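K.L.:
Mind folding the following:
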Amino acid sequence: PCEMCIRDSKGNGFFIVTDAGGTPYMTRAGSFVKNGSQELVNSAGFYLMGYPIQNGDPAVVANSLDGLERINLANVSYEATPTTSGTLKGVLDSNATVIAPGVLPSDNVAGSTYSSKASIVSYDSLGNKKFLDVYMAKTGTAPDTWQAVVFDQSTATAGGFPYGAAGSPALATVPLAFGPTGQLTTAPATFTVAIPGGSTATIDFSQVS
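P.N.:
Predicted structure coming up:
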């Protein structure tokens, strides 16, 4: 990768290009494509120039083109980074109706119901987006208890539940408990979920109240 543009005293940007013989020119046109050698060239065949930055910030000399080289993308690669952590935030309705066992999100049946729902984006080992559906369901009062249940969105039926085969387990099921002023009392306030095709992620839910 290279830093590719310089600026004049008025702040207008220019790209530095050279012809085949190495003579430099300045252009405002920023349309470049790769040639057969993976170098960036414009429509006239001029080579885009830049400072190499693989060893840190380049040593740029003011009012000089010393150190510029042709930008070549042959060795540029990108590595996908799977999701390994995340944060779940939210305020739950303390007046929500208690949901009876048998139709909780964790039961994963056609009649499952919930108090609130959120969807979060994660990434697998190839950099593909994986959407996770997170259901919150109130399970009791005094103390105020809930459950958080995570499913792979891609396995949902047309109506949501069930995800995959009826009764199959969720990616994660976590019981939650809240104190009299709505503060979360569950500890530790994290859960782990295996991202489909990716890594195991640790989700922090300490900011749920």
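K.L.:
May I have the distance across stretch 47-66, first residue to last?
P.N.:
Stretch 47-66 has an end-to-end distance of 16 Å (criterion: C-alpha to C-alpha, to the nearest Å).
K.L.:
in that stretch, what counts as buried?
P.N.:
47-51 (16 or more other C-beta atoms under 10 Å). In short, each C-beta sits where N, CA and C put it, glycine included.
K.L.:
what about this structure, any weak spots by pLDDT?
P.N.:
The chain contains residues with pLDDT under 70 at 1-12, 55.
K.L.:
Name every strand pairing with the longest strand along the chain and say which way it goes.
P.N.:
Taking DSSP state E as the criterion, the chain has its longest strand at strand 129-140. With DSSP bridges as the test, strand 129-140 is paired with strand 116-123 (antiparallel), strand 144-152 (antiparallel).
K.L.:
deepest of the ones you listed, which one?
P.N.:
Of all the strands paired with strand 129-140, strand 144-152 carries the top mean neighbour count, a mean of 23, counting by mean count of other C-beta atoms under 10 Å.
K.L.:
Show me where the protein has its helices.
P.N.:
Counting by DSSP state H, the chain has no helices at all.
K.L.:
Pull out the buried residues from the longest strand of the chain.
P.N.:
Of all the residues in strand 129-140, those buried under the rule 16+ other C-beta under 10 Å are 130, 132-139.
K.L.:
neighbours around the residue nearest to Gly164 when sequence neighbours are not counted, how many?
P.N.:
Spatial nearest neighbour of Gly164, excluding adjacent residues (C-beta to C-beta, 6 or more residues apart in numbering): Thr155 at 4.4 Å. Number of residues near Thr155 (other C-beta atoms under 10 Å) recorded here: 14.
K.L.:
Report the separation between Thr155 and Met136.
P.N.:
19 Å (C-beta to C-beta, to the nearest Å).
K.L.:
still on that earlier bit, from the buried residues of strand 129-140, pick the one nearest Thr97.
P.N.:
Lys138 (6.9 Å; C-beta to C-beta).
K.L.:
re earlier: I'd like the buried residues of stretch 47-66 laid out as a markdown table, including distance to Ala110.
P.N.:
Output for the buried residues of stretch 47-66, formatted as a markdown table (distance: C-beta to C-beta, whole Å):
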| residue | distance to Ala110 |
| --- | --- |
| Tyr47 | 62 |
| Leu48 | 58 |
| Met49 | 63 |
| Gly50 | 58 |
| Tyr51 | 61 |
